[in-house]
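Peer 1: Quick one, what's the 3D model for this:
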Amino acid sequence: MSGTASDPDPEDDNLTYLWTHNHPGLVLNDADSPNATFTAPNVSADIPITFTLTVSDGTATATDHITITIADSANTPPTADAGSNLVLASGAQATITGSATDPDQADTLTFQWLQNPSDAGVVFESPNSLTTTITAPEVDSITQIALILRVSDGTDSHSAAILLIVTPSTP
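Peer 2: Purely as a prediction, here's the structure:
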């Protein structure tokens with residue numbers, strides 16, 4: 001921030017400057033000079049901060065105000081929804097569809113389907129799409145596998161899971 005002042009009295013007094021503000025915790029650098037600086041705080045919502053510049057020649061004082069709005073620049077993570085649980089027979093196929101939302105509309109979302117345990121044998125036809133066809137592994141007994149949809153906005157990610165229950169094929 002830069003403030004200037006002129007003193008019309010002929011005494012040619014030295015001017016003193018003092019910058020103040022109304023935000024607790026904000027540190028002003030060079031607050032006693034015409035040009036003060038600060039580092040904007042991280043905020044979760046836009047907040048206005050009013051700065052006051054007081055200039056004095058030792059006899060008279062002048063004051064001016066400026067309000068600067070600090071914008072919320074924090075990333076909001078996306079939200080994933082993996083859909084509903086399902087039951088499949090060994091080797092059977094099904095199409096699953098997840099969904100995702102992100103309040104930061106400018107973010108580009110990426111998707112990844114995973115399984116837990118990671119070696120469970122589920123085959124994802126399109127593992128990087130919200131909708132994918134899966135093929136259940138061959139099992140000898142009823143097996144539970146978590147199918148996980150991970151959504152990323154490039155900064156943060158969120159995961160959601162559904163339960164796949166795979167039943168053995170009947171002879």
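
Peer 1: C-alpha only now, for contacts and for neighbours.
Peer 2: Noted.

Peer 1: Tell me if I'm right that L88 and S169 touch.
Peer 2: No. Taking contacts as C-alpha atoms under 8 Å, L88 lies outside contact range of S169: 9.6 Å.

Peer 1: ok, so what distance separates the residue nearest the centre of the chain from H158?
Peer 2: The residue lying closest to the centre of the chain (C-alpha atoms, centre = their mean) is N75, at 1.8 Å. Using C-alpha to C-alpha, to the nearest Å, we find N75 at a distance of 13 Å from H158.

Peer 1: and what of L15?
Peer 2: L15 is 56 Å from H158, by C-alpha to C-alpha.

Peer 1: same deal with S169?
Peer 2: In terms of C-alpha to C-alpha, S169 sits 34 Å off from H158.

Peer 1: Domain map for this structure?
Peer 2: Listed by automatic domain parsing, the domain ranges of the chain are 16-70, 79-167.

Peer 1: Could you look over the ones you listed and pick the most buried one?
Peer 2: domain 79-167 (a mean of 17; mean count of other C-alpha atoms under 10 Å).

Peer 1: how long is that one from one end to the other?
Peer 2: Using C-alpha to C-alpha, the two ends of domain 79-167 sit 31 Å apart.

Peer 1: same thing with stretch 40-51?
Peer 2: 13 Å.

Peer 1: gap between that stretch and the chain center?
Peer 2: 17 Å (C-alpha atoms, centre = their mean, to the nearest Å).

Peer 1: contacting residues around that stretch?
Peer 2: Residues from elsewhere that reach stretch 40-51 (C-alpha atoms under 8 Å, 6 or more residues apart in numbering): 19-23, 26, 65-74.
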